[in-house]
Structures are given as C-alpha cells and as structure tokens.
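1. what would the 3D arrangement of this be:
(chains A, B and C)
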Amino acid sequence: MSHRTPWIVAGTLMLALISTTVFATDHPVSDATQECLGCHSIVTPGIVADWQKSRHAFVTPAEGLAKPEQQRRISANSVAESLSATVIGCAECHTMNNDKHATDAFEHNGFTIHTVVSPSDCATCHPTERDEFSDNLMSQAFTNLMDNPVYAIMVNNTNGLATFTGEGFHHQPADDVSNADSCLSCHGTEVKVTGSVTRETDLGEMTFPVLSNWPNVGVGRVNPDGTVGACSSCHARHQFSIEMARKPYTCAECHKGPDVPAYKVYSVSVHGNIQKSMDKYWDYKAVPWTIGKDFTAPTCAACHSSELVDENGETLVKRSHRMNDRLPWRIFGIPYAHPHPIHADTTTIVNKGGLTLPTELTGEFVSEFLISNEEMAKRQQTMEKVCSGCHSEQWVKGHFSRLDRSIETSNAMTLEATKVLSAAWKEGLAQGLPQNANPFDEAIEIKWIEQWLFYGNSVRFATAMGGVDYGVFADGRWTQARNLKEMGDYLKFLRATQPQTQK
Amino acid sequence: MSHRTPWIVAGTLMLALISTTVFATDHPVSDATQECLGCHSIVTPGIVADWQKSRHAFVTPAEGLAKPEQQRRISANSVAESLSATVIGCAECHTMNNDKHATDAFEHNGFTIHTVVSPSDCATCHPTERDEFSDNLMSQAFTNLMDNPVYAIMVNNTNGLATFTGEGFHHQPADDVSNADSCLSCHGTEVKVTGSVTRETDLGEMTFPVLSNWPNVGVGRVNPDGTVGACSSCHARHQFSIEMARKPYTCAECHKGPDVPAYKVYSVSVHGNIQKSMDKYWDYKAVPWTIGKDFTAPTCAACHSSELVDENGETLVKRSHRMNDRLPWRIFGIPYAHPHPIHADTTTIVNKGGLTLPTELTGEFVSEFLISNEEMAKRQQTMEKVCSGCHSEQWVKGHFSRLDRSIETSNAMTLEATKVLSAAWKEGLAQGLPQNANPFDEAIEIKWIEQWLFYGNSVRFATAMGGVDYGVFADGRWTQARNLKEMGDYLKFLRATQPQTQK
Amino acid sequence: MSHRTPWIVAGTLMLALISTTVFATDHPVSDATQECLGCHSIVTPGIVADWQKSRHAFVTPAEGLAKPEQQRRISANSVAESLSATVIGCAECHTMNNDKHATDAFEHNGFTIHTVVSPSDCATCHPTERDEFSDNLMSQAFTNLMDNPVYAIMVNNTNGLATFTGEGFHHQPADDVSNADSCLSCHGTEVKVTGSVTRETDLGEMTFPVLSNWPNVGVGRVNPDGTVGACSSCHARHQFSIEMARKPYTCAECHKGPDVPAYKVYSVSVHGNIQKSMDKYWDYKAVPWTIGKDFTAPTCAACHSSELVDENGETLVKRSHRMNDRLPWRIFGIPYAHPHPIHADTTTIVNKGGLTLPTELTGEFVSEFLISNEEMAKRQQTMEKVCSGCHSEQWVKGHFSRLDRSIETSNAMTLEATKVLSAAWKEGLAQGLPQNANPFDEAIEIKWIEQWLFYGNSVRFATAMGGVDYGVFADGRWTQARNLKEMGDYLKFLRATQPQTQK
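-> Next comes the predicted model:
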C-alpha cells in the first residue's frame, strides 16, 4: 500500500530523534515500538508523552502475570512469549492481530499497522473484560440505536433538517456527518476503510487508509475488523488509566445530559459530595479496591464495575465489565422502566403493537425478552453487597423500596402523557401512529418523548443514586408534572386551531 | 427487645476479628467501641474505615478541651468524665443519652443503642452549634414545608400522580415514600419507630426497630427522640470532616437545583473560580480559618458560618451555625424576597389574605413576623466584615447596592406575573384562589411559581454571590422576561380555547 | 484630595503593624509598597496574603528579564530602572502611570494612587499581551454590546422591567445598576470618577474618588484612564496566577451559560474528562507549556492562547492574547456563524437590511467586514498545529469537517426559525421589524433568539470542542428541532387568537 519512506529527512529531525530515543521508562521496550517512538515523539509528541506515563509503559505482561490474582490487571492466563517480556508500546497494539485486520492494516514505514485498535486486540491480555463487555448493552449501542426503527426515527428527527412550509415542516433525513457528530459520538460510528489517500507529511510522502466516520471512540463502535466496541471509550488513550476510569468524569462524557443525567445526579448525592470533597486522600489505582481505606464513597465504577474488598482482603463483589450484572432494572432511554433485556442486542424485541420496544405503549412488559424475577433478585443482591459495605440492611432496603416506587410513579406519569398524545393522534391534531406518519416530529410528540426520555429518567436516576434535586425540580417530578399539564393545555390549544373540523 | 447473639459465629469470622482488633488509631478507644468495631469492621467495613480517618478517632474530648479557645472544635466547657479520656467512637454516640431515646433505643449484642444520633446527642460536646442551629430556618425545614398549607399543596402537586380525563387532570395526594424520596430528602423526614423486625444476619438472628421514612439525613429531620435536625446533613458520616463541610460541594447537595441555585452561581463567580482553581494550596482544616493564608476566596462556609481571622489572629467574624446571622434578606423559596422571619418556625406567619406567607401576593411585607430594619442593618454589617477582609468599602457598598436593586426588580417581575395569573383566575381560564381550587396545579399556575421559585431566586443569588450568568441567561433576567411574556401569550391562548364563554 | 492621616491610631494597631512588617517574601520590596502593606495587612488582610503567594511578590522584573526568551513571562524588552530591582507590589501598579490617570488618581496617605489598574499599566511589563488583547473582540465587549443597536435592544429587554396591561406588556428601559449586575458584569462597565466621598475608616478620616458602575472586572471594561479591558478578568487579583488562567474554571466565569456553553461542552469532552481526572499530575505553571509532559489534554488556554512546545523545546504554536488568532469562524452570539470580523470593534458593520449585523437575516455573510478565505485558512492551520500535537492528520481533518457541517446545519435551522418569525411579523401576530417595533420583546421573538443564541451556539460549540451531549440533547440539535416545531405551533396558536382579522 505504501512505499518505505526515509524517516530521517533533515538534520534537525535527526537531532531531535537522537535526543528523544532514551525514553522515560527504564523497562524493556521492543525494537518495533522504539522505532515508532523515534518518529512519533516528533510528529505526535503529546501522545507519546502521555503513553510514557501509562502503566503500559512500565510493566511487562510477564510482570503483570506474576502478581497475586486479586491484584492482577491482566485477565489472560498467559501471553504469547513474543509479547511477554517488553512493555506494551505502540507496536504491540497497533501491529497485533494483523490477520484479523484484513481491511484496515497498511504498510507504514516498514511495518504493517492498523489505526483502530479493537476489543479483540485488547483481549490478548484482557479477555475477560472483552467477553463481559461484549455481553453489555453498551457494546451494541450502535445497533440498538440505528437498527431499531423507533430510535432511528428519533435520530433522523434530531439530526435531520426541517424546512418551514408556511403551515408545517418538511423533514430531510439526517446525514452521516451529523449523526457521527451527534448521537453516534457516544453510541459509536461504523468505521470502515473506504479508500486510501497519499499525503505529504513532515517525514515524506505517505499513504494511509481512509476511515469512514472517523474519528470516533463511541462505546458501540463498529470496527474495521468486524468487532464492536471501543475500550478507549472509558479507558482514554494513551494512558488507559484505571484511576481515570474509576472517576465519575469518565462516565460523565456520555451520561450527563438530560437523557442520562447520571453524573449530575451523582454530583448532588452524598456520595458525590464525599468524592469531590475528599478524594485527594483516596487511592484510585489500588487493585483490588479496598472500601473505606482506598475510597470513602463509591464512584460510578465502584457500584457498577469494580472489584471491591474489605481491609482483610475479603471480596464484596467481583469485577465485571457487564455493567448490568448489578442492575435488575433498565431505567433510561425507554418510555417505561422495565427488567433488563436478556440479550445485549435489543433490536429483535417486538411488542404486541409491532414496535421494537420492550414494553407496550401502555407500559406492560414484553416479558419474553426480559430477565426473570429470579435474575432480577440475583442482580439486586449483588448490588446490595456493594451498599452493605457501609450501610445497614434497613438502610439498603429502605433505599431500594424507594426505587421501586420511583419506577412505579415515573412509569405512571409516562402513561398519562401517552393518553394525551393518543388523544391528539385520535383527533388528528398531530399525525402519528394511527396515521402511519412520523410519530416523533411534532411539538406535542416531542413533549411526550421528553416526559420519559428526560423527566422519567431523571426521577429514577435521582432515586437510584440519591441525588434528589434531579428527582424534584431539575427535570424531576416537578418538571414531569409541569410537562404533563402543558401537554394537556397544548391539546386544548391545538383543538382551538381547528374548531370546526375537530369538534 | 433482642437476645444476645454470639458475635463469633464461624472460624473465618474469628480470624477476621483477630486481624482487625488493632485499629489504626493509637489513641484510647473505649471497651464498648472496641467491641462494636470487632463486628462492624466485618459487617460494615467501609463505615469503620471511614471513621478511622476522622478526627473523632484521634482526639479525646480532654485533648480537645485543652486547646486555646480560638482553636477548639468543641464548644462544651466540660465533658463528663466517662467520655473524656477516650476517643469518640461508635459506642460514644450510639449509646449516649439512651434515656432520651425511649422509643428507638434497643438491645444489640449486649448494648442498648440507638440508630439515629440526634442534635441532642451531638450537643454533649457541641452545645453552641446545636443551639445556634436550632434557631435556624433549616432546623424547621420539615415543619416549614409540610405544615404550611401553601407549600403542602406544592408538595402534593409535585409528588402526587395526575391522571388525564380527556379534558383535564385528576390529582392524587402524594404518598410518604415519594415525599421522602423527593422534597423531604433535603428537608428531612419524620422518623419514628413503627415496630420491630427480626432478621437473620451474618452474625446470627437479630431484632431491630423499624424506622419510618428511613434512611434520611435531611436538615430538618424529625428524630425519634423528638429533636429536629441532622448534623450529619452537612457533616457527613462518619468522618464529620470540617474540611468537607467547608467545601461548597456539601452545600450543593441541596442548593444546586433551579429552586436554590447557590452552588451553580458560586461556580461561575470569581470566588468559585479561585476555589476550584487554587484550593490545592489551601488548608481547609485550620481552626480558626485565616483569610488569605488558609484560603484565598470564600466558600459557602466562609461567608455564612465559619470563624475567620487574619494572620495576626484578629477575629473578623465569629463562627455561627445560625446561617442567617449574616443575612438581612431571605431571597429564595418565597414569591417575594423579604426581611428574614423573626422565628425559625414560619408556619405561624399569616398575611392579610389569610395565606401562610410572609408577604401579600402583591409583595407587601407582613412586617410583624419579620426582623426590623435595625436587625437587618446589623446582619448586613456582619456580612460586610467578611467582605472587608479583601475588599474596600466602596467595592462592598457597590456590591450590596446591586443586591438591593436586584431584590427590587425580581420582586417587580413576580408582581407582573401575579397580575397575569390573577387575570386568568378572574376570567375562569384557570381555577385558583377565587374558585377555592388548587391554586398551583395548572400549567399557567406552574409558570407563575417558576417566575419566583426559579427565576427570581436565580437573579437574586447571582447578584448576591457574583455569579452573573445565572442572573442573565441561565434562569436569570432573560428567562424571567421570557416566562412573563409566555404567561401573557398563554393567557391569550387560553382565551382562544373558550371564546364564547369568556368574552 | 485627602489629607495625610496618621496611620497608627491605636496601640493595638501599632502592635499588629509591627508583627506584620516582615513579609513572607525574602525578595526586595519597595519602600512604597512596604508602607502600603503596613496598613493593608490590617485593613484588607486577605488581599495582602493573596498577593504574597503571587509570582509578583517573589520575582523582580530584572530577574524576569534574565530568563531565556521562551521561559519569560514578561514581554517588555526592558523595564525602567526604578521598577527593575524590587518585586511588583501594591505601589508599583497602583501608583504607576499616574500622569495617565488624570481623573482617577488621588491622594492617599501621602501617595498618589489609582484604584483601577488598567491594561496600559500592565503593559509596562507585558506590552505584547496588551497589544494582542486590544485587537481582540473581547477588549471591545462593552462597545460591541451597548453601542450596537441590535444588542442594545436585547439588553434593554433583558434587564428592563415589563408591566402587564391586561393584554400585553409595556417596557421600561434598563437601569445602569441592573445592566452592571447583568450583561456588563462580563462585558465590562463604564467606570468613571463621578465625585468624591469622605469616610471615617479604621485608620482615620479619608477621602476617595467615587467610581461609577463599580465594582467590575469585565473583559471590555472602559477604564477611567480611557483604556478598555481588564487583565484581572482572567488573571484574578492579586495572585495573577498563570495556573489559574490556564484552568478552564477561569473561562467558565463568563463562558458557561446557554449563550456560550464552552465550559459545559468542555466538561463532557474527552479533553475535559482527562483534565478533571488527571490534572493533579500536571504542571500548570511551566512556561513554555510542554505538551504531554506538563499536561495531557488541552484546556481552553492550551488551544486558544498558550505557547506550546514539545519535549525538545520545539514550538508548536506561539502564545497569543488575540484569542481568534486560531479561529476562522465566529460561532456564538450571532444569528448565523460567519468568518471572524476583521476589526475588534464590530459596531461599524452594517448589512444590506441596515442592521448592525455581520450577516443578513437570511444568513448571507456581509463579507467586506469579515476576514478572507485565505485568512480563515491560515487561522485554521494554526489551530490544527495544536491538535497535531497528539492527533493524526486524518483525525484532525475529520474533526474539522464535522465543524463545517455543524455550522451549515445550525445556520440552516436558524434560517427556518427566521421564516416562522417573518410569517408572524407579516401576519401582524407579532410586532417587529416590518412594524418598526421592538423586534425582540415578544415570546415568539424570544424563541427565535434562543434558536441561535442558545441552541445554534450549543451545537457548534459541541462540535468544535467534542462535548457532544450539548450538541444533541442539552440545548443541542434536539432542542433546536423542538424549538423550531414549537415556533410553528406557536404561530398556529397566535393565529387562533385572531381568527377573523388574520384569515
């Protein structure tokens, strides 16, 4: 694909190169990585310096494997000898598994490399995490959004342009660039090689594959090697720091908006306050993570993913990258909260009304696709193990009985909004399902969506995580009630615009 | 109530117990607390480890009392000899004053303990703080909300369900669980013993009292011992760290939403910027707190509560847990800003219209229940002492003259909104006070509430704390003006829905 | 103006004075500053202690000038001998250039001082920064707002009171106090000496000039010495810390609200996450700033202002206080994104419709006042240099092609909103430009403004800085689409209120 380019093209570069070949790490760096670093410390110095601070730059797989099991950050039982004795550098990840990168591997200064490191590459050392993650709703975030007709309409209405006709609006479908820049930034884009490009660079002419919908680090990214997911979504390149993944700011990248106000809720919870106020005394890097000693209040990771132990080394909960292992209920992104789907791919779920939704529009669960009561109880128990690290059983039970009620009432408030919308549809004041029209493009329809996508979500998150403001005034019960009343008046106003035909 | 349970029930527990009996503190721990720790380091290890980091675990009352007065964190002149020589551990607080815990004390492994530690317990060492706090509006946060008919209606409309009738809505009263999970999470719940429950635990069968509306750490909690308030609301268990109480994240738990945007306003103020940017160089633990040396910009606590001194040890302001000691005006939670009420319990205030509000609906003050101009001037002077630590008199006067104007204009904008609402009521387009109907459950009524509860508040907070964005676009003057105009159009739209009967 | 006041008025002050004359700095302090400190460590101790932590208190201009060029924080080639050998204290800045402070200099305990230190004073040591800044839109923030008729109307509608007439609203002009407390807090007020006042102080009777619209640290402040701007807007008194200016919390003071959601967008970007999670390992003080070593993700300053180098000392971009040096597009505060204006003063720009706007109401650029395509390309390249410190060319190009599309679509969505508003105006349902009436005071007009001032802005910022949530649900494309649909329905509702006359 590319011809070898002399990588020293000028005296100044040569000089720079010499002065940068001794890297900060005293640990063994492979020859291949050494060569990468030679140029990239000049062309992308920030990324190289960042990597030099990473654990990858200081620990070899062999050293990792030698640790006691509870302290290991590597889940493979063994690693190929060729990878074992050097630290994990550029070449290790970007030249690995090239046989699986048929479409995106390319010649680059004498190496065959691929730009997009996929979960399958990471699984060389971290197979358990990859496997768990692949069973996670998040890994299907692209498919579950774009291949579900209900959500695909919402995406189109959000990112597509609308033009005013004098009476109403015409809609244009959303374009790939806007989708990639909007929903798919978190959900993940479909990255494929669409051609190649030759460019004059500081180090001579080079040829690179052209990647579609690039850049992207969305959690359900469809990679050129056919895998889905991006570990770098939460483990930001190129430090891949566990400290960072355990901090709530990582989750906040995608879980802060009104549709998933997790971080905002956390920030006003007692837990969030303790984290923000006291975390300078914490050790975010310890593996396993000792409750009370390493940290004094949970972060997102503590409740949903990390392995937690007490000071005697007793395990409270095991690590899991299947984030719903501790979650019986799915509380966001859907009209009604419901038991978690059995499978990560939710596009096969169909309700009685023929919609690809896990509940009817009336809230009834489409149970065959959802986990059983037994499975729900099991997941609940796992989560309660986390809570019980600090709280009494009565405290914990009290907390979760509120969540049950919160799910009940927020679902009920969605149902009432649905009744208002149905009336509008029935009376022809909005064009939706009965008219086989776009059900989500008119103002009253958008208000219906916000009733659950913003306010119902917010109420449930606020309860689940104890950040109560978001359960009351800030997009909570107050706003849910207001929105319902406004929908009622909106219906009246729409009726007033068509007095003859509608009455 | 419970029979003594052998607290070593298995070999592994025995082992754990032995390895945990030597605690991190070298200071004297009472035998009783030692015994608590024996089990609880196993059953709630996080809470034990958290306490071990607290000042309570390192300092005995006797040591605290020996400090120079300005440095003391204990306001009692003396402490009973039995408590004096050991650190403050589990048993000290949870077995203290059992005579006052007639309803909630219970037998627990040979001890009589109570779960809910109340201000009266804390007052053993911190009586001044308890006394000041009890004179604080916050200590009456439950009563002032739930026993004031005006606010009780708002609570019901927020947390109760509404059902759509095809034309309008039917309302159901709010349930206790939703209230506890919503408004009362900050305001405090009513906690009573409602029965007992026997449970199989890791350490054998045990019986516990059942507490109503539990868990809760709301600031005006009604405790089983009859007291009101929860010190742990701001001094989070079990470190009770002064560092944390002085950080704004503590106040943000309840003071962040649109109804009380204090934290958000602070975060965009110069003070908030300095705090966030530079506080790694600060000493949040020093008592007293030296302005400029220990901290270079005020936090919530600095302006409203802490004892501040200069580098020569001269006191600028004395510590106070009566938060309005430095506040002439009450600027949030009410239709019109007004001089602070004389008494913490505001439920006895009645205006000429018979409403339990400190102003008329036209904004006129109900002066007999409010502090005098002299008292206002005195409080103003106290606050100005804080400002003058860094600012010239002209700066300070300029700042507060803006607050006067901000109160004036935000009150005026509430009055105009009231006129629109009155018109709607008068014309029967909404059912409110004139109809003896629920005055707060219709969309236009909710818009009226938001005019003051969200936007008027926000304007005043933005001025008071210099976080201007919230005084302009983010729920500020811009939004206040928009909401007023929307109310005007809303009135027009309502008129259009009933052309015959209303015109 | 004032008579010399004995500065030791009481024994206790004398004592305090003696104990405070030895300051923390071992570096040479001028006699004049020493005298200032003598009193001010008593009367404004916080500000003195704050200054003592500043670089100004530790480094003399001579020492600053002796540093290698890349490390210098002082851009003057030389400094007057009288200033050169002592640190920069109170007297240095507040007695400097008194000849230029004809209106505001005053006698104060034997010195002639001025309260308002202006960019012209700072330029004594930092002339390049002053010059660059004066060419910056920000330096004209007062004029560009208040002297542009279009924006002046918006200011009036925001801060002026409206009174309800029963049918509509009467408007009062905004008052100076409200303006200073609102828009002008960030934009800067007009500060003039309006008289003098004599006051009894702790140190005797003193006379001070009265400053209009004081206090203020707005970025385009009009100073008594005739200059515009306030360096202290971003370099907060009295540490003037580069660390603080480089942190995003400084920019957030004015760039957080819905009109300029830069900080909010940053906080959910990968960059913002890395900054928040990992900056305890960063060196915010290093000059120049080494990418990857001193910091591992850009802050606002890194992309828009700072001098960045790699570990070999090679410069990626030069420092600039002309913030749009790296910005081809102006993306906020205007109906349509457009190429940056050529001049910082935008009040001379007039479009074909006679409005002082850089685009027509249809979005067409008023090109003669805007930078050329060549200049845009040059600025784009400069910004790309920053990105290329860590990212490949394909990544960077992909990113900016999204920004192009985002500008296109957000502009298109403003155009559609403009069509709805035009229809309302044409049909007389709102009174605006065609009626020579206030075009921004009715609810549907306010919705039009929010379409671009809040939502269009938000979409573009989200793309530009990769904080996607604000490009989707939180005031992004979702909200933009909803607002447009609501405007359409609003038009219908307005039509319904006047069925006879309008149809």
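2. what is the neighbour count of A:V468?
-> A:V468 has 27 neighbouring residues, counting by other Cβ atoms under 10 Å in any protein chain shown. Just so you know, the C-beta spots here come from the backbone N, C-alpha and C atoms, and that holds for glycine as well.
3. how much space between it and chain C?
-> A:V468 sits 21 Å away from chain C, going by Cβ to the nearest Cβ, to the nearest Å.
4. show me what contacts the closest residue to that residue other than its chain neighbours?
-> Among residues not flanking A:V468 along the chain, B:S185 sits closest, at 3.8 Å (Cβ to Cβ, 6 or more residues apart in numbering or on different chains). Counting by Cβ atoms under 8 Å, 6 or more residues apart in numbering or on different chains, B:S185 touches A:G466, A:V468, A:G471, B:N216, B:G218.
5. and those, which of them are in helices?
-> Nothing among the contacts of B:S185 maps onto helices, per DSSP state H.
6. on that earlier part again, any idea how far the residue nearest to A:V468 is from A:A262?
-> 18 Å (Cβ to Cβ, to the nearest Å).
7. low pLDDT regions in the stretch 401-503 of chain A?
-> A:499-503 (pLDDT under 70).
8. can you list the domains in chain A?
-> Domain assignment for chain A by automatic domain parsing gives A:11-138+A:181-232, A:242-325, A:392-503.
9. C:S212 is nearest to which of the ones you listed?
-> Proximity to C:S212, assessed across the domains of chain A by Cβ to Cβ, is greatest for domain A:392-503 (38.0 Å).
10. which residues are in contact with A:T194?
-> A:V210, A:L211, A:S212.
11. which of these has the most neighbours?
-> A:L211 (22 neighbours).
12. so that residue bridges to which residues?
-> Following DSSP bridges, A:L211 is listed with bridge partners A:V193.
13. quick check: it vs B:V265, distance?
-> A:L211 is 44 Å from B:V265, by Cβ to Cβ.
14. mind listing what the most centrally placed residue in chain A touches?
-> By Cα atoms, centre = their mean, chain A has its centre lying nearest to A:V219, at 4.4 Å. Contacts for A:V219 (Cβ under 8 Å, 6+ apart) come out as A:M138, A:S139, A:A141, A:C186, A:H187, A:G188, A:G229, A:A230, A:S233, A:C234, A:C254.
15. what's the burial count for the fourth one?
-> So that's A:C186. Using other Cβ under 10 Å, A:C186 has 25 neighbouring residues.
16. not counting its neighbours along the chain, what's nearest it?
-> Excluding the flanking residues, the one nearest A:C186 by Cβ to Cβ, 6+ apart is A:C254, at 3.9 Å.
17. quick check, pLDDT for that neighbour.
-> As predicted, A:C254 sits at a pLDDT of 97.
18. from what I can see it touches A:C183, true?
-> No. At 10.5 Å, A:C254 does not count as touching A:C183 under the criterion of Cβ atoms under 8 Å.
19. ok, these two, which is more surrounded?
-> A:C183 (28 against 23).
20. B:D50 versus that one, what's the distance?
-> In terms of Cβ to Cβ, A:C183 sits 40 Å off from B:D50.
21. can you name the helix or strand that A:L184 falls in?
-> Element membership for A:L184 (DSSP states H and E) is helix A:183-187.
22. chain center to stretch A:229-240, what's the gap?
-> From the chain centre to the centre of stretch A:229-240 is a distance of 11 Å (Cα atoms, centre = their mean, to the nearest Å).
23. quick check: buried residues in that stretch?
-> Going by neighbour count (16 or more other Cβ atoms under 10 Å in any protein chain shown), the buried part of stretch A:229-240 is A:G229, A:A230, A:C231, A:S232, A:S233, A:C234, A:H235, A:A236, A:R237, A:H238, A:Q239, A:F240.
24. which single one of these is nearest to chain B?
-> Closest approach to chain B among those (Cβ to the nearest Cβ): A:Q239, at 20.7 Å.
25. and the closest residue to chain B within chain A, what does it touch?
-> Per Cβ to the nearest Cβ, A:G292 is where chain A lies closest to chain B, at 2.5 Å. Residues in contact with A:G292 (Cβ under 8 Å, 6+ apart) are A:D310, A:E311, A:G389, A:C390, B:P45, B:G46, B:I47, B:V48, B:A49, B:D50, B:Q52.
26. can you redo those residues as TSV with secondary structure?
-> Shown next, in TSV, are these (DSSP: H, G, I helix; E, B strand; the rest coil):
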residue	secondary structure
A:D310	coil
A:E311	coil
A:G389	coil
A:C390	coil
B:P45	helix
B:G46	helix
B:I47	helix
B:V48	helix
B:A49	helix
B:D50	helix
B:Q52	helix
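27. do you know how far A:S118 is from A:V228?
-> Distance, A:S118 to A:V228, using Cβ to Cβ: 9 Å.
28. do the same with A:N273
-> Noted for A:N273: a distance of 36 Å to A:V228, by Cβ to Cβ.
29. count of residues packed around the nearest residue to A:T348 once chain neighbours are set aside?
-> Counting by Cβ to Cβ, 6+ apart, A:F369 is the residue found nearest to A:T348 once chain neighbours are left out, at 7.5 Å. A:F369 has 18 neighbours, counted by other Cβ under 10 Å.
30. which parts of the stretch 301-450 of chain A sit against chain B?
-> A:310-312, A:314, A:388-395, A:398-399, A:401-402, A:405-406, A:409, A:412-413, A:416, A:419-420, A:423 (Cβ under 8 Å from any Cβ of the partner chain).
31. can you say which of those are buried?
-> Counted by 16+ other Cβ under 10 Å, these give A:310-311, A:388-395, A:398-399, A:402, A:405-406, A:409, A:412-413, A:416, A:419-420, A:423 as buried.
32. so which of the residues you listed sit within helices?
-> Counted as lying in helices by DSSP H, out of those, are A:393-395, A:398-399, A:402, A:405-406, A:409, A:412-413, A:416, A:419-420, A:423.
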